[in-house]
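J.: Pasting a predicted model and its sequence here:
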Amino acid sequence: MPALPALDLNLIQLFVTIVDAGTLSEAAVRHGVTRSHVSRNLQKLERAFGAQLIRRSTRRLELTQQGSVLYEHGTRMAREVESARHALQKLGSEPTGHVRLSIPTGLGELDPLRPLLVSFALRHPSLTLRVLFSNRVSDLISSEIDVALRVMSTPPQDYVARALGEVKWVLCAAPAYLAQFGPPAHPRDLARLHFLGPPDPRPQAPGHAAPAPQRPVARGQARAAAAIGVFPVPGAGHPRRRGRGAAAGLCGA
């Protein structure tokens, strides 16, 4: 059986309209074209199928067996196209799907961040937001992360990044720890204290202070452990002594 030629979906839609309208003239009105245009396109469709689809008379149109089959499938196609149009319009107006968000553990404890995440989830009920609090995510693509909140001065060039604001770093310690070892009065006093943070791959010489961790740790860890922690503080104006700032931003794979 020879293969049928490729068909124009507009011709099938016109054929469905002809059957629904009952006359070529009414179908022409509904499509905003002339009656002769409708007649020519019907003949074109019949030639493509190699069969008569409609028996014409002066009073009415009668479907042939082939025409009935095409009308049945054509109406389903029209409904699917309309359903696809509505679905695409909905996608354009309301975000849907799943989004995996990566946040360092220290940033996850920032007071302004938690209500923002809750507010975002409430505003977009069709969007599933999965938040991963971890300091170990480095490759967003292999970790299947869509958006990552990071504190850095220069984002990677292979990611799309947007600056959200400035973050200051502060040194914090539990009162019990300071009562035991005494608060530092000078930066050189840090050499005798213990830092709580991710391990640094660089070796440290004896007697030298460990560098401040490049990633934040949770405040609860510093309160529970005998150590000093480095924590991020959004914006300026914090009463504690601040360190050098870095930009906080979103990175997307």
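T.: Structure received.

J.: Validate this expectation: residue 125 resides in a helix.
T.: No: assessed with DSSP: H, G, I helix; E, B strand; the rest coil, residue 125 is coil; it does not lie in a helix.

J.: low-scoring pLDDT stretches of this protein, where are they?
T.: Within the chain, the segments meeting pLDDT under 70 span 1-6, 58, 91-93, 106, 108-111, 197-226, 232-253.

J.: all strands for the protein, in order.
T.: 54-56, 61-63, 97-103, 127-133, 147-151, 160-173, 195-196, 228-234, 246-252 (DSSP state E).

J.: Throw these into CSV and include mean neighbour count, thanks.
T.: In short, each C-beta sits where N, CA and C put it, glycine included. CSV is the format used below for these (neighbours: other C-beta atoms under 10 Å):
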stretch, mean neighbour count
strand 54-56, 15
strand 61-63, 15
strand 97-103, 16
strand 127-133, 14
strand 147-151, 20
strand 160-173, 16
strand 195-196, 19
strand 228-234, 21
strand 246-252, 17
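
J.: Now render those as JSON lines, adding distance to residue 46.
T.: Shown next, in JSON lines, are the strands of the chain (distance: least, C-beta to C-beta, whole Å):
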{"stretch": "strand 54-56", "distance to residue 46": "8"}
{"stretch": "strand 61-63", "distance to residue 46": "12"}
{"stretch": "strand 97-103", "distance to residue 46": "44"}
{"stretch": "strand 127-133", "distance to residue 46": "48"}
{"stretch": "strand 147-151", "distance to residue 46": "54"}
{"stretch": "strand 160-173", "distance to residue 46": "52"}
{"stretch": "strand 195-196", "distance to residue 46": "80"}
{"stretch": "strand 228-234", "distance to residue 46": "70"}
{"stretch": "strand 246-252", "distance to residue 46": "52"}
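
J.: Thank you kindly, that will do.
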